[in-house]
Every structure is written in C-alpha cells, then in structure tokens.
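*Asks:* only geometry, no sequence info:
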Ligand SMILES: CC(C)(COP(=O)(O)OP(=O)(O)OC[C@H]1O[C@@H](n2cnc3c(N)ncnc32)[C@H](O)[C@@H]1O)[C@@H](O)C(=O)NCCC(=O)NCCS
Ligand SMILES: Nc1ncnc2c1ncn2[C@@H]1O[C@H](COP(=O)(O)OP(=O)(O)OP(=O)(O)O)[C@@H](O)[C@H]1O
C-alpha cells in the first residue's frame, strides 16, 4: 500500500529545499514544477500552444520558452495566467497521474507530490492521504523570493498574490514545517517527521 502525501507552501517558502531532502531520504517525489517545465520544452505541443496563444515573442532565439517574459505577463494579470494554465494544467495533470500510477505499480511505500499550486488547482487534494505545508511569515517569503529570483518588491508581491495566502494553506495542512528559521532548524523538523512516520532513511539527508 502506497501512502501519498502532498507537499506545498507559498512561492519561495522552501518546498524545493524540503523536497530535495525527502528525495535524499529515499521517498518518491513527483515534482510538479519540473513537469511544468518538461511539458513546454522545445518541440512539445505545450510550447506550440503557448506560442499560438501569446505570440512568437515569448520564444527565445534558441526556440525555448522565454519564461521571464511570460512570468512578467501572467503574474501581473490573472486572465493571462488562466489562459496559460488552460494550456499547461491538463498536461501537468496527465503526467502527475502517470507518475503516481507507476509508483503504485512499483509498490513504493511513500510518494510525495510536490506542487506549489497544490490547493489552488483543486484536483490534487483527491489524490493524496495527507498534506504537508512548508511555511514562512510573509516578510521572509518576500525577502527570499526577491533574493533568489532577482525581483523587485513589486515583482515579488505580484507573484505572491497569484496564490492562496500562506495562512490559508497552513490552516488546510495536516503537518506544517516552519521554515522561518535557519536551514538546520528546518532540516531537524523534516528528520523528526520522517523518523516519527518511519519514512525513508533520514540519515541520508545532507
Ligand atoms: C509563468 C512561468 C513560465 C514562469 O516561469 P519561471 O521560470 O519564472 O518560474 P517557475 O516555473 O520556476 O515557478 C516559480 C514559482 O512560481 C509559482 N507559480 C508557477 N506557476 C504558478 C501558477 N500557475 N500560479 C501561481 N503560482 C505559480 C510557484 O510557486 C513556482 O514554484 C511558469 O511558472 C509556468 O509555466 N507556470 C504555469 C505552470 C504551472 O501552473 N506551474 C505550477 C505547477 S503545479
Ligand atoms: N531556512 C532558510 N534560510 C535561508 N534561506 C532559505 C531557507 N529555506 C530556503 N531558503 C532559500 O529561499 C529560497 C526559496 O526556497 P525554495 O526554492 O526551496 O522555495 P520554493 O517554495 O521551492 O519556491 P518556488 O515556489 O518558487 O518553487 C531559496 O533561495 C532557498 O535557498
């Protein structure tokens, strides 16, 4: 029997950091952000549809998607974000469902679906047994996002505004990892969660 967990949080609250440790500990991780990139790689129908919808100017000279330009458009305009999601979400959903079926067929004991818009997309909640949320306060979130992605305050706040507020995600969580402190403090909480549930090998986390 495969136990399935959702892993989510707000943009830049630390999902990838935690997800990386869960992978190191031997859990099967389905990474929605990675899948979202794969379904719009050069040569895919996803990219063809994006170019047909938003225009050739959203492609770089090498034929790949101009992610920064498209991000600046859709994260400032909810209508444009909906148009993009209408293209990408069905493709992402199909691939997540396929990877989950493979993991179940292999009898993987624990599968984690790591998705930033886990609650927002609606369908993922029905696939999992429990949800783990990685959270920070709003100021820390904004500071880390600006630093990581080289964004202005306005650019960071626009991206944060496209998701559920982090407090709403925390309220909907079964387990919350508090990532306001140091990386070491967060790692300690993840190790405790793994050990308490007897999931994977927490001593493999680096
Ligand atoms: C708009 C795009 C091209 C911007 O690319 P960029 O490389 O700048 O960002 P990246 O994809 O790494 O995402 C960074 C973060 O933005 C946030 N984000 C991404 N997509 C969305 C969305 N549809 N709604 C709200 N937040 C989002 C997430 O927190 C994500 O972790 C890209 O985010 C995209 O294609 N988004 C639509 C696909 C999607 O819904 N992805 C979420 C996976 S469930
Ligand atoms: N406890 C921490 N202390 C300091 N920096 C941190 C901490 N946790 C994460 N970071 C940094 O904050 C940034 C955001 O973390 P991360 O990329 O893991 O977030 P995310 O939730 O996966 O973001 P996204 O939604 O954009 O995919 C990264 O640059 C990461 O190195």
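*Replies:* Right, received. Where do you want to start? The model shown is predicted, which means the values in this text are computed figures rather than measured ones. Ligands and ions are numbered 1, 2, ... in the order given.
*Asks:* Mean confidence (pLDDT) on the longest helix along the chain, please.
*Replies:* Ranked by residue count, the top helix of the chain under DSSP state H comes out as helix 78-105. The pLDDT scores in helix 78-105 average 98.
*Asks:* So it, near ligand 1 or not?
*Replies:* Yes - interface with ligand 1: helix 78-105 contributes 81, 84, 85, 88, 92 (Cβ under 6 Å from any ligand atom). Backbone N, C-alpha and C define where each C-beta goes, glycine included.
*Asks:* Whatever helix or strand comes next after that helix close to ligand 2?
*Replies:* Using DSSP states H and E, the helix or strand that follows helix 78-105 towards the C-terminus is strand 110-114. No - using Cβ under 6 Å from any ligand atom, strand 110-114 stays clear of ligand 2, coming no nearer than 8.1 Å.
*Asks:* Report the inter-axis angle for strand 110-114 versus helix 78-105.
*Replies:* On the basis of axes from the mean of the first three to the mean of the last three Cα atoms, to 10 degrees, strand 110-114 is oriented at 170 degrees to helix 78-105.
*Asks:* Sheet partners, orientation included, of strand 110-114?
*Replies:* strand 3-9 (parallel), strand 28-31 (parallel) (DSSP bridges).
*Asks:* buried set for the last one?
*Replies:* It stands for strand 28-31. Buried residues in strand 28-31, counted by 16 or more other Cβ atoms under 10 Å: 28, 29, 30, 31.
*Asks:* Show me which of those is closest to ligand 1.
*Replies:* Minimum distance to ligand 1 across these is 9.1 Å, recorded for residue 31 (Cβ to the nearest ligand atom).
*Asks:* got a list of what the closest one touches?
*Replies:* 19, 114 (Cβ atoms under 8 Å, 6 or more residues apart in numbering).
*Asks:* could you check the distance from it over to residue 183?
*Replies:* 20 Å (Cβ to Cβ, to the nearest Å).
*Asks:* Residue 80 too?
*Replies:* 35 Å.
*Asks:* neighbours around residue 24, how many?
*Replies:* Residues lying near residue 24 (other Cβ atoms under 10 Å) number 16.
*Asks:* per-residue confidence for it?
*Replies:* 98.
*Asks:* quick one, what contacts it?
*Replies:* Contacts of residue 24 (Cβ under 8 Å, 6+ apart): 204, 205, 206.
*Asks:* gap between it and ligand 2?
*Replies:* Separation of residue 24 from ligand 2 (Cβ to the nearest ligand atom, to the nearest Å): 14 Å.
*Asks:* Same check on residue 171?
*Replies:* Taken as Cβ to the nearest ligand atom, the span from residue 171 to ligand 2 is 18 Å.
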